[in-house]
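Novice: Provided below are the primary sequence and the corresponding predicted coordinates.
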Amino acid sequence: MRPVRQPLDIDIPAPLKQALLALEAAGGTCRIVGGSVRDALLGIQPKDFDVEVYGLDLDAIANTLSKLGRTDLVGKAFAVVKLWTQGDEYDFAIPRRESKSGTGHRGFVIEADAHLSEVEALKRRDFTINALLYDHAKGEVIDYFGGLQDLDTRTLRHVSPAFKEDPLRVLRAMQFAGRFQMVLHDETAAMCHDIGHEFWTLAKERIWIEWQKWAGRSTSLSHGMRALEKSGWIRYFPQLNALLNLPQDPEWHPEGNAWTHTLCCLDALQSQTDWLSLPESERGVLAFGTLCHDLGKARCTRWAEKRGAMHWISPGHDAQSIWLAEQFFNAMRAPHEIRDKVMGLVGNHHFLNTVPECGHSDASLRRLAKRLTPASTYELVYVMVADHRGRPPLLSEAQDQRIAEFRRRIQELDLESHAPKPILLGRHLIERGMKPSPDFKSILDRAYEAQLDGAFSDSPTALKWLDENWISLSS
């Protein structure tokens with residue numbers, strides 16, 4: 001098979017360049033492979049460089065690299081030598097064959113072969129965009145499987161039938177589709193359907209890693225979800241699967257069903273806010289908050305009378321979304337910090353839908369900030385904007401104004417990043433002559449509730465309130 005060759009200039013770090021030249025001087029042929037080549041073609045600065053070395057055995061590679069830095073055969077079972085030099089880490093692998101020996105992501109027998117052809121070595125890779133080689137000496141990309149064209153057309157396509165041997169690749173398709181705005185190839189989608197039964201062999205922690213990459217690294221969240229749907233694997237996430245074809249009333253949701261609305265909201269989060277410019281850790285929470293905000297509609301949607309006419313309605317779905325989001329995250333052992341934040345965001349995303357004529361009081365905004373903890377009102381704004389803007393072509397100027405006013409108020413009350421911190425503390429009670437006891441919690445809880453209501457706002461007024469209410473509090 002003759003490959004396509006295309007010029008490309010990758011800025012290779014000096015320590016890696018030195019290692020490549022040393023290995024080639026020892027008789028090897030080096031090819032940079034995988035994500036770093038893909039990223040360079042997409043205009044993304046490569047971070048992790050993986051190298052395949054042809055013509056040298058593992059010991060020869062290790063001996064050559066040991067002169068340049070610290071080496072370790074930690075990946076000996078996978079025919080990999082690690083090199084640490086000048087503060088960086090690089091992997092050098094011998095080409096290898098893999099054969100299925102069991103179920104799941106790790107059920108493989110690996111056979112290293114330093115004299116394997118490039119084509120045979122690449123057949124074990126997942127997608128054509130990750131099966132591109134780079135010849136550093138000639139400054140060329142080497143493409144055997146159409147990865148260059150697939151990058152141009154944003155098509156996510158498997159390399160070979162070996163794709164079916166690793167079920168984790170289906171979820172990798174989800175996050176790659178989101179990160180690079182790609183569409184899953186029909187034949188690859190059919191393979192994903194065929195290996196659906198192996199979903200249950202995957203470790204929950206590995207499932208979470210792929211979801212985390214989708215949420216934090218995507219440039220188009222909806223592309224990832226469309227790939228998940230097309231693969232058929234959305235059925236293994238029942239909280240999302242239940243939104244497919246779930247009706248919404250066209251008067252309020254002209255865009256279509258609940259899943260379509262969710263996809264539109266994900267697009268709005270990306271296009272109508274500064275979400276893409278946020279740190280990866282912050283983007284993930286907001287992506288999941290938007291994804292999960294309407295999960296409760298699957299429990300609440302019904303055809304009923306509203307305003308004198310029949311409509312599809314979903315009263316109380318925000319509250320139902322809380323425990324469904326909890327189920328979604330618990331099923332893949334997501335970190336509590338992310339799970340608890342998302343539960344707060346989805347449970348309160350309709351806060352502005354019921355605004356008193358006089359507007360929300362300071363106390364109600366303080367209590368909202370408390371309910372949201374560990375999430376923040378600042379994060380809630382993103383979900384509110386995504387929800388509102390995810391109903392094309394419907395746009396409410398009144399809702400835009402309510403969100404803008406909400407932003408102004410939480411800034412004014414210093415509630416953007418956290419709920420008010422308690423002013424009255426245990427030491428204040430001790431100063432009043434009380435001895436530490438279980439009664440402290442009850443008194444301090446009552447004091448905090450009074451603080452949220454606006455009874456006091458600083459230490460002097462808090463102590464005055466404590467003195468005025470001392471008898472009732474200590475009795």
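Specialist: It's in.
Novice: name the nearest residue to residue 451, sequence neighbours excluded.
Specialist: residue 423 (5.8 Å; C-beta to C-beta, 6 or more residues apart in numbering). Using the backbone N, CA and C atoms, a C-beta is placed for each residue, glycine as well.
Novice: wait, doesn't the one you found sit right on residue 462?
Specialist: Yes - the pair residue 423 / residue 462 is scored as a contact, 4.4 Å apart, by C-beta atoms under 8 Å.
Novice: mutual contacts of those two, please.
Specialist: Common neighbours of residue 423 and residue 462, using C-beta atoms under 8 Å, 6 or more residues apart in numbering, are 447, 451, 456.
Novice: could you chop the protein up by domain?
Specialist: 4-160, 291-412, 426-474 (automatic domain parsing).
Novice: sorry, back to before: highest neighbour count among the shared contacts of residue 423 and residue 462?
Specialist: Most neighbours among the shared contacts of residue 423 and residue 462, by other C-beta atoms under 10 Å: residue 447, with 23 neighbours.
Novice: tell me which helix or strand that one sits in.
Specialist: In the assignment (DSSP states H and E), residue 447 maps to helix 439-453.
Novice: show me what that helix is packed up against.
Specialist: On a contact count with 3 or more C-beta pairs under 8 Å, 6 or more residues apart in numbering; DSSP states H and E, helix 439-453 meets helix 362-372, helix 426-431, helix 459-468, helix 470-474.
Novice: so for that helix, mean pLDDT?
Specialist: The pLDDT scores in helix 439-453 average 92.
Novice: quick one: it to helix 362-372, angle?
Specialist: Relative orientation of helix 439-453 and helix 362-372, computed by axes from the mean of the first three to the mean of the last three C-alpha atoms, to 10 degrees: 130 degrees.
Novice: ok, and what's touching helix 439-453?
Specialist: 363, 366-367, 370, 420, 422-426, 429, 434, 456-457, 462, 465-466, 469, 473-474.
Novice: separate out the buried members of those residues.
Specialist: For those, a burial check counting by 16 or more other C-beta atoms under 10 Å picks out 366, 367, 420, 423, 424, 429, 434, 456, 462, 465, 466, 473.
Novice: from those, which one has the minimum pLDDT?
Specialist: Least confident of these in the model: residue 473, at 79.
Novice: any idea how far residue 467 is from that residue?
Specialist: Distance of residue 473 to residue 467, computed by C-beta to C-beta, to the nearest Å: 10 Å.
Novice: mind checking how far stretch 58-66 is from the chain centre?
Specialist: Centroid separation for stretch 58-66 versus its chain: 38 Å, with C-alpha atoms, centre = their mean, to the nearest Å.
Novice: same question but for stretch 433-444, I mixed them up
Specialist: Mean-position distance between stretch 433-444 and its chain equals 43 Å (C-alpha atoms, centre = their mean).
Novice: any idea how far apart the tips of it sit?
Specialist: 15 Å (C-alpha to C-alpha, to the nearest Å).
Novice: residues of it that come out buried?
Specialist: Buried, per 16+ other C-beta under 10 Å, within stretch 433-444: 434, 443, 444.
Novice: for those, which one is nearest residue 251?
Specialist: Closest to residue 251 out of the buried residues of stretch 433-444 is residue 444 (47.8 Å), distances taken as C-beta to C-beta.
Novice: so what's the residue nearest in space to the middle of the chain up against?
Specialist: By C-alpha atoms, centre = their mean, the chain has its centre lying nearest to residue 215, at 1.8 Å. The neighbourhood of residue 215, defined by C-beta under 8 Å, 6+ apart, consists of 221, 283, 284, 285, 287, 288, 291.
Novice: repeat that with 10 Å
Specialist: Contact analysis of residue 215 by C-beta atoms under 10 Å, 6 or more residues apart in numbering lists 175, 178, 221, 224, 280-281, 283-291, 338.
Novice: of the buried ones among the contacts of helix 439-453, closest to residue 37?
Specialist: residue 420 (51.4 Å).
Novice: ok, that closest one to residue 265 distance?
Specialist: Distance, residue 420 to residue 265, using C-beta to C-beta: 30 Å.
Novice: anything in contact with each of residue 473 and residue 467?
Specialist: Shared contacts of residue 473 and residue 467, defined by C-beta under 10 Å, 6+ apart, are found at residue 432.
Novice: low-confidence regions, the protein specifically.
Specialist: Applying pLDDT under 70 to the chain picks out residues 74-77, 98-109, 475.
Novice: which one of the shared contacts of residue 423 and residue 462 is nearest residue 13?
Specialist: Nearest to residue 13 out of these is residue 451 (C-beta to C-beta; 54.7 Å).
Novice: for the residue nearest to residue 287 when sequence neighbours are not counted, give its distance to residue 18.
Specialist: Sequence neighbours aside, residue 215 is the residue nearest to residue 287 in space, at 3.9 Å (criterion: C-beta to C-beta, 6+ apart). Counting by C-beta to C-beta, the gap from residue 215 to residue 18 is 37 Å.
Novice: residue 406 and residue 380 touch, don't they?
Specialist: Yes - between residue 406 and residue 380 a contact is recorded at 8.6 Å, counting by C-beta atoms under 10 Å.
Novice: comparing the two, which residue is more hemmed in?
Specialist: Each of residue 406 and residue 380 had its neighbours counted (other C-beta under 10 Å), and the higher figure belongs to residue 380 (25 against 21).
Novice: helix 362-372 and the helix or strand encompassing the more buried one, what's the angle between them?
Specialist: Element membership of residue 380, judged by DSSP H and E, is helix 377-389. Going by the same axes, to 10 degrees, helix 377-389 is angled at 90 degrees with respect to helix 362-372.
Novice: which strands and helices sit next to the helix or strand following helix 377-389?
Specialist: Counting by DSSP H and E, the next helix or strand C-terminal to helix 377-389 is helix 397-412. In terms of contacts (3 or more C-beta pairs under 10 Å, 6 or more residues apart in numbering; DSSP states H and E), helix 397-412 is packed against helix 362-372, helix 377-389.
Novice: chain center to helix 397-412, what's the gap?
Specialist: Worked out by C-alpha atoms, centre = their mean, helix 397-412 lies 27 Å from the chain centre.
Novice: taking the helices and strands packed on helix 397-412 together, which one is wrapped up most tightly?
Specialist: Neighbour counts (mean count of other C-beta atoms under 10 Å) averaged over each of those peak at helix 377-389, with a mean of 23.
Novice: show me what that one is packed up against.
Specialist: When contacts are defined as 3+ C-beta pairs under 10 Å, 6+ apart, helix 377-389 sits against helix 258-271, helix 280-292, helix 336-347, helix 362-372, helix 397-412.
Novice: alright, calling it a day.
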